[in-house]
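K.L.:
Fold the following and give me the result.
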Amino acid sequence: MKKISPSNIILILLLGAGFLYYLYIKGFIFANFDNLDPKDAYTLLQKERDRIILLDVRNPEEVKTDGKIRGSVLIPLDQLPNKIDKLDKNKKILVYCRSGTRSVSASRILSSLGFKVYNIKGGINSWKSEGLTVEK
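P.N.:
You can find the predicted model right below:
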């Protein structure tokens with residue numbers, strides 16, 4: 001039987017840790033919120049529009065470039081901790097960003113503070129790729 005070298009063990013551990021980190025930042029593991037694909041998020045918005053805050057956590061330049069989902073409130077991720085009081089805990093929060101990474105971070109923050117949170121998987125990029133509309 002061939003021995004595994006210490007350097008190969010370290011490589012395997014690093015690859016495993018990297019994979020787990022990727023799953024974590026994408027919200028696939030240890031998530032205390034729900035991930036919705038864009039079409040499910042759209043359906044939820046249509047059914048419960050008055051009971052949902054649609055939160056965009058991108059920066060203003062991205063909104064100018066890529067547009068936004070109609071009715072969304074812009075609070076960039078880096079400003080979110082200071083603007084939590086602008087959000088209503090009695091409403092569900094549907095969060096998105098450009099590709100889905102910052103919205104996972106925002107979702108973790110909000111859910112840890114007691115909000116009912118949904119993250120749009122893939123962000124506005126996935127929203128647009130599903131043919132859903134945005135406004136400029």
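K.L.:
which outside residues touch the longest helix belonging to the chain?
P.N.:
If you go by DSSP state H, the chain has its longest helix at helix 6-25. Residues from elsewhere that reach helix 6-25 (Cβ atoms under 8 Å, 6 or more residues apart in numbering): 29-30, 101, 104-105. From N, CA and C alone the C-beta is placed, and that goes for glycine too.
K.L.:
After the lowest-mean-pLDDT helix or strand in the chain, which helix or strand is next?
P.N.:
Of all helical and strand segments in the chain, the minimum by mean pLDDT, DSSP states H and E falls on helix 6-25, at a mean of 88. Using DSSP states H and E, the next helix or strand after helix 6-25 towards the C-terminus is strand 34-36.
K.L.:
Convert the C-alpha atoms of stretch 1-11 to PDB, please.
P.N.:
Extracted in PDB, the C-alpha atoms of stretch 1-11 (Å, rounded to 0.1, in the frame of the first residue of the first chain):
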ATOM      1  CA  MET A   1       0.000   0.000   0.000                       C
ATOM      2  CA  LYS A   2       1.300   3.400  -1.000                       C
ATOM      3  CA  LYS A   3       1.700   6.100   1.700                       C
ATOM      4  CA  ILE A   4       0.200   9.500   1.300                       C
ATOM      5  CA  SER A   5       2.800  12.200   1.700                       C
ATOM      6  CA  PRO A   6       2.200  15.000   4.300                       C
ATOM      7  CA  SER A   7       2.100  17.500   1.500                       C
ATOM      8  CA  ASN A   8      -0.700  15.600  -0.300                       C
ATOM      9  CA  ILE A   9      -2.600  15.500   3.000                       C
ATOM     10  CA  ILE A  10      -2.200  19.300   3.400                       C
ATOM     11  CA  LEU A  11      -3.300  19.800  -0.300                       C
END
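K.L.:
Lovely, talk soon.
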